[in-house]
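Trainee: Structure for this input, please:
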Amino acid sequence: IDQTALEFFNPSNRFDAEGLTSLIKDIEERRKLRNDIEQDSMIKIRARNLEAEKQALDIERESEEARLSQERDRVIADARLQRHHLVLDLHAGSGLLTWEALRHAPEGGVYAFARSSQDAGALTQMAANLPDLRRPVILHGALDQLPDLLAFENPDLRFDAILGRNALTNHADKVAAAAM
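Mentor: This is a model prediction of the structure:
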């Protein structure tokens with residue numbers, strides 16, 4: 001019965017009808033089984049591809065973190081910060097240099113200048129976990145506003161070190177910005 005082509009079965013004949021029903025049932029069960037296997041294989045392949053992509057992204061993230069860490073360490077080393085220094089981070093952003101400057105100048109203090117309200121908010125939230133005397137002063141605004149913001153804080157303010165990673169990248173007149 002399994003080898004007979006379907007067109008040779010007479011659906012009007014009881015025996016042929018039962019054989020046809022049995023054969024179609026077997027074919028459909030096998031088709032469903034094959035589909036289940038194919039779908040399971042596809043899901044396993046996609047899950048493995050997703051896991052591989054996550055691992056690749058983790059490696060990229062770790063590589064970027066290592067690069068930023070080296071850059072941070074280089075900038076901080078070049079600044080030769082001392083415990084009593086007063087430091088300005090010109091482009092605080094995520095706080096890459098701010099937090100490290102706080103570690104190196106715990107007695108002097110750090111001013112962190114954030115250009116976006118989102119960065120300023122994030123820095124403020126992170127700083128809230130620190131004791132008052134260890135918190136950086138967080139300033140927010142455009143680079144052109146920095147002299148006024150600093151004068152408002154303290155008109156006689158003088159920094160021992162000014163740090164900034166890509167601080168003038170987006171500023172049109174870099175010479176004028178540096179002269180502020």
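Trainee: Check which residues of stretch 19-32 are buried.
Mentor: Of all the residues in stretch 19-32, those buried under the rule 16 or more other C-beta atoms under 10 Å are 19-20, 23. Every C-beta, even on glycine, is put in place using the N, C-alpha and C of the backbone.
Trainee: Contacts only, for Glu100.
Mentor: Listed by C-beta atoms under 8 Å, 6 or more residues apart in numbering, the contact partners of Glu100 are 72-73, 76.
Trainee: of these, buried ones?
Mentor: Among these, those that count as buried by neighbour count (16+ other C-beta under 10 Å) are 72, 76.
Trainee: Sitting in helices, which of the contacts of Glu100 do you find?
Mentor: Restricting those to those inside helices, with DSSP state H as the criterion, leaves 72-73, 76.
Trainee: which one's the longest strand in the protein?
Mentor: Looking across the chain with DSSP state E, the single longest strand is strand 109-114.
Trainee: what angle sits between the following helix or strand past that one and strand 109-114?
Mentor: Towards the C-terminus, the helix or strand next in line after strand 109-114, according to DSSP states H and E, is helix 117-127. Between helix 117-127 and strand 109-114, the angle comes out at 150 degrees (axes from the mean of the first three to the mean of the last three C-alpha atoms, to 10 degrees).
Trainee: Check which residues of helix 117-127 are buried.
Mentor: Within helix 117-127, the residues that qualify as buried by neighbour count (16+ other C-beta under 10 Å) are 119-120, 122-123, 126-127.
Trainee: Quick one: the strands in this protein, in order.
Mentor: With DSSP E, the ranges of strands along the chain come out as 86-89, 109-114, 137-140, 161-163.
Trainee: what's the closest of those strands to Pro11?
Mentor: Across those, Pro11 has its closest neighbour in strand 109-114 (79.7 Å, C-beta to C-beta).
Trainee: could I have that closest one exported to CSV, CA atoms only?
Mentor: Output in CSV follows, covering the C-alpha atoms of strand 109-114 (Å, rounded to 0.1, in the frame of the first residue of the first chain):
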residue,chain,number,x,y,z
GLY,A,109,38.2,69.3,43.8
VAL,A,110,36.8,68.9,40.3
TYR,A,111,34.5,70.9,38.2
ALA,A,112,32.8,68.9,35.5
PHE,A,113,31.4,70.8,32.5
ALA,A,114,28.6,68.9,30.6
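Trainee: Work out the gap between it and the centre of the chain.
Mentor: Here the centre of strand 109-114 is set off from its chain's centre by 23 Å, with C-alpha atoms, centre = their mean, to the nearest Å.
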